[in-house]
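Q: For reference, the sequence and a predicted model appear below.
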Amino acid sequence: MVELLEKAEAALGAYGPAILFYGMAGLVVAAAVYAVLAKKIDHGAFSLMACFTGVAGLYALLGSDFLAVAQVVVYVGGIMVLVVFGVLLTDRLPIEFRQITRETAVQGLAVAVPVAVALLWAALGTAWPERAPAAPLPEGTTEGIGVLLMTDYLLPFEFSSLLLLIALVGAARLARGGRK
Amino acid sequence: MTGPLLLAAGGHPILDIGLGHYLVLSAILFSLGILAVVARRNAIGVLIGIELVLNAANLNLVAFGRYTDAGLRGPVFALFVILLAAAEAAIALALLLNLFERTGSVSLDEADQLKG
């Protein structure tokens, strides 16, 4: 983490980390906006991929190297492949189902704007118990996460493997549809 | 909200962006996801919105893990969320393919029957 910030500082000056944050935040928000508003759903899906990559960059900036890699592998590599398959397999729809109409846009904004106001109010109006970031671990977070998963979080870890197995079998069964 | 300063190896401070920036970004992402969930009629568009919401929540978890005493528990929780998102996406797309095979569309307005 500190190396990343130091490299950013060396390349971009003292404001390097801030430039990195705002660059990635801009990418994430722009890609997310396009993913939500794109007329063609396949364009939206690829835009979402860019958004997830930007989020992975933010994880790296936050010092969570393991999570940044997991984000790229699972989201960009796995979930997005699923979404793109879904788009390709169902992309024979009449155009009106792809678009956001005036009516649904009003409904969406009626829900999303109050949510945004409430969240921003909470995020900016609360005095969070902030402390200076801890001294970053030179060896990264992977070992610590592994130890936590094998000790404190062993039960959720085992349950999640069970859940993935059930989801896998269920998805395979469902995707066969009516065919026996 | 000013970011706390991080000390580089040479002892001079590096500007580190604060917790508030991440919370605001996450709030924006979350609201965009909600917008997609409500405004889209295409089920895949709704799925994209759900993924945005989950990513916004994850960003918050990791940011809190870094800037508060939660430590590594934030990233571990986010890891479980990623895992659930993977299971959810697989199931959702299997359901969508099934729906598409039966009705020829993935419009949520047409998928209003519990028994079909």
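A: Thanks, I have the structure now.

Q: any residues touching the helix or strand that residue A:35 is a member of, and which ones?
A: Assigned by DSSP states H and E, residue A:35 belongs to helix A:16-37. Here helix A:16-37 makes contact (Cβ atoms under 8 Å, 6 or more residues apart in numbering or on different chains) with A:5, A:7-10, A:12, A:43-45, A:47-48, A:50-51, A:54-55, A:57-58, A:61, A:100, B:3, B:14-17, B:21, B:25, B:28-29, B:32-33, B:35-36, B:39-40, B:48-49, B:52. Bear in mind the C-beta positions are built from the backbone N, C-alpha and C, glycine included.

Q: all helices for the chain, in order.
A: In the absence of a named chain, this looks at chain A. Here chain A has its helices, by DSSP state H, at A:2-12, A:16-37, A:41-61, A:65-70, A:80-89, A:102-125, A:142-150, A:154-175.

Q: You answered for a different chain; I wanted chain B.
A: Using DSSP H, helices in chain B cover B:19-39, B:43-67, B:73-103.

Q: what about the shortest one, distance to the chain center?
A: Just to be clear, that refers to helix B:19-39. Offset of helix B:19-39 from its chain centre (Cα atoms, centre = their mean, to the nearest Å): 9 Å.

Q: related to what we said a few turns ago, turn the helices of chain B into a markdown table, columns for distance to chain A, mean pLDDT and mean neighbour count.
A: Listed next are the helices of chain B as a markdown table, based on distance: least, Cβ to the nearest Cβ, whole Å; pLDDT from 0 to 100; neighbours: other Cβ atoms under 10 Å in any protein chain shown:
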| stretch | distance to chain A | mean pLDDT | mean neighbour count |
| --- | --- | --- | --- |
| helix B:19-39 | 3 | 92 | 23 |
| helix B:43-67 | 5 | 91 | 24 |
| helix B:73-103 | 4 | 88 | 20 |
